[in-house]
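>>> next come a sequence and a model predicted from it.
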Amino acid sequence: MQMTTLRHDLVDGILTVVLDRPHALNAFTVDMADELEHTFREVNDDDDVRAVIVTGAGRAFCAGMDLADHGNPFGLDEALRPTLADMDDLDNPDLRQVRDTGGRVTLAIHDCRKPVIAAINGAAVGIGATMTLAMDARLTSVNGRFGLVFGRLGIVPEAASTWFLPRIVGLDEALDLVLSADILDAETTVEKGLARSIHQPEDLLPAARALADRWTSGRSPVAVALARQMLYRNSAQNHPVEAHRIDSLAMFYTSIADGTEGVNAFRTKRPPHFVDRASTDLPPFHQEWVGH
């Protein structure tokens, strides 16, 4: 796919995805949704990528949906009247102009086999905020702003944020953030648990890269992919026995693959040399488990 709203910069295994519409404060469009969804699906098969950082060009991260165009700014077909039953098959192409574009992006992030870090360099409002909730960490510049402003527009939260947000801050805080529709400064964003740290603008990307290295450098890509997905999926189960089932299979298969090298390296006091790839070497139960 030719990118028109994003830039990709791959250095030493870390892919930096830049939202690249600085003239419009990187406002979100249907094209940007398509390109982000494609990016997060594509990196699953790219073994040169071990982590992804998302940031914005210029002075904003993403100022929300681009409302400047005429017609429905969310890319929806207003002549349709979809029902709950219509949403059963999300792969149905007839739902192209029904499905929330932000949700397509966050579901791709959720399914990603690589850790994803948001480097919030400026305003992150609306979808600019909710897309980051599916990412594994959010770091903010002192210039960062975070706003779930949907209530001001007479619409509702999107991008599956009603699933992600309460898991990050708890239901009570999530209700307040959504219903108040406040725009938070960087300090309050961290205080609320929406970001882990504040940085000077020139230090933001280096800090994000350092975190990506801390999580993935010298690690088994298969173990990283599995551990990330196990935490998200198992924590949403109703009983820990469901986690035990997945833990057992994941431990079994990793122990006879990269785990063998990891144990041998530990015993001989040398750095491990992991060879399994997240693109092709995930255990045989993985596809059935994640559902695709």
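Great, that's in hand. Residues are numbered from 1 along each chain as shown.

>>> residue contacts, V142?
Contact analysis of V142 by Cβ atoms under 8 Å, 6 or more residues apart in numbering lists 186, 198-201. C-beta here means a position set from N, CA and C on the backbone, and glycine is covered the same way.

>>> can you put the residues you listed in JSON lines and add distance to V105?
Output for the contacts of V142, formatted as JSON lines (distance: Cβ to Cβ, whole Å):
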{"residue": "A186", "distance to V105": "23"}
{"residue": "I198", "distance to V105": "25"}
{"residue": "H199", "distance to V105": "24"}
{"residue": "Q200", "distance to V105": "28"}
{"residue": "P201", "distance to V105": "25"}
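
>>> just the residues you listed: which are in strands?
Cross-referencing those against strands under DSSP state E gives 198-199.

>>> check which helix or strand V17 maps to.
According to DSSP states H and E, V17 maps onto strand 14-19.

>>> what strands line up against that strand, and which way round?
Sheet pairing here is set by DSSP bridges, and for strand 14-19 it gives strand 6-11 (antiparallel), strand 51-56 (parallel).

>>> after the last one comes which helix or strand?
Scanning forward in sequence from strand 51-56 by DSSP H and E, the next helix or strand is strand 60-62.

>>> and that following strand, which strands flank it?
When DSSP bridges is applied, strand 60-62 pairs with strand 123-125 (parallel).

>>> contacts for the partner strand?
Residues contacting strand 123-125 (Cβ under 8 Å, 6+ apart): 25, 59-64, 118, 132, 144-147, 149, 183.

>>> ok, those residues vs G126, which is closest?
The shortest gap between G126 and any of the contacts of strand 123-125 belongs to G64, at 3.1 Å (Cβ to Cβ).

>>> who wins for neighbours among the contacts of V142?
Of all those, the highest neighbour tally under other Cβ atoms under 10 Å goes to H199, namely 22 neighbours.

>>> and for the closest residue to it other than its chain neighbours, the neighbour number?
In space, and not counting its chain neighbours, H199 is closest to A207: 5.1 Å by Cβ to Cβ, 6 or more residues apart in numbering. By the criterion of other Cβ under 10 Å, A207 has 18 neighbours.

>>> helix, strand, or coil at V43?
helix (DSSP: H, G, I helix; E, B strand; the rest coil).

>>> returning to that earlier point: which of the contacts of strand 123-125 lies closest to G103?
Distance to G103 across the contacts of strand 123-125 (Cβ to Cβ) is lowest for T132, with 14.0 Å.

>>> hmm, A118 and the closest one touching each other?
Yes: using Cβ atoms under 8 Å, T132 is in contact with A118, at 4.0 Å.

>>> shared neighbours, these two?
54, 61, 124, 138.

>>> from P201, how far out is the nearest residue to the third one once chain neighbours are set aside?
In other words, A124. Excluding the flanking residues, the one nearest A124 by Cβ to Cβ, 6+ apart is F61, at 4.2 Å. As judged by Cβ to Cβ, to the nearest Å, F61 and P201 stand 12 Å apart.

>>> can I get the strand holding V17 as CSV, trimmed to CA atoms?
Provided in CSV are the C-alpha atoms of strand 14-19 (Å, rounded to 0.1, in the frame of the first residue of the first chain):
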residue,chain,number,x,y,z
ILE,A,14,12.1,-0.3,15.8
LEU,A,15,9.5,1.0,13.3
THR,A,16,8.4,4.6,13.9
VAL,A,17,5.1,5.4,12.3
VAL,A,18,4.6,9.1,11.9
LEU,A,19,1.1,10.5,11.4
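
>>> quick one: the strands in the stretch 51-200 of the chain?
Using DSSP state E, counting those that start in this stretch, the strands of the stretch 51-200 of the chain run over 51-56, 60-62, 116-120, 123-125, 137-141, 145-147, 183-185, 197-199.

>>> and which of the contacts of V142 is nearest R228?
Out of those, the member with the shortest distance to R228 (by Cβ to Cβ) is H199, at 23.5 Å.

>>> so who does that closest one touch?
With contacts defined as Cβ under 8 Å, 6+ apart, H199 is in contact with 139-142, 207.

>>> kindly report the same for V190.
V190 neighbours (Cβ under 8 Å, 6+ apart): 140, 196-198.

>>> how near is it to G291?
Applying Cβ to Cβ, the value for V190 to G291 is 34 Å.

>>> could you do R233 as well?
In terms of Cβ to Cβ, R233 sits 10 Å off from G291.

>>> who has more neighbours, the two?
Neighbour count, other Cβ under 10 Å: between R233 and G291, R233 has more, with 16 against 7.
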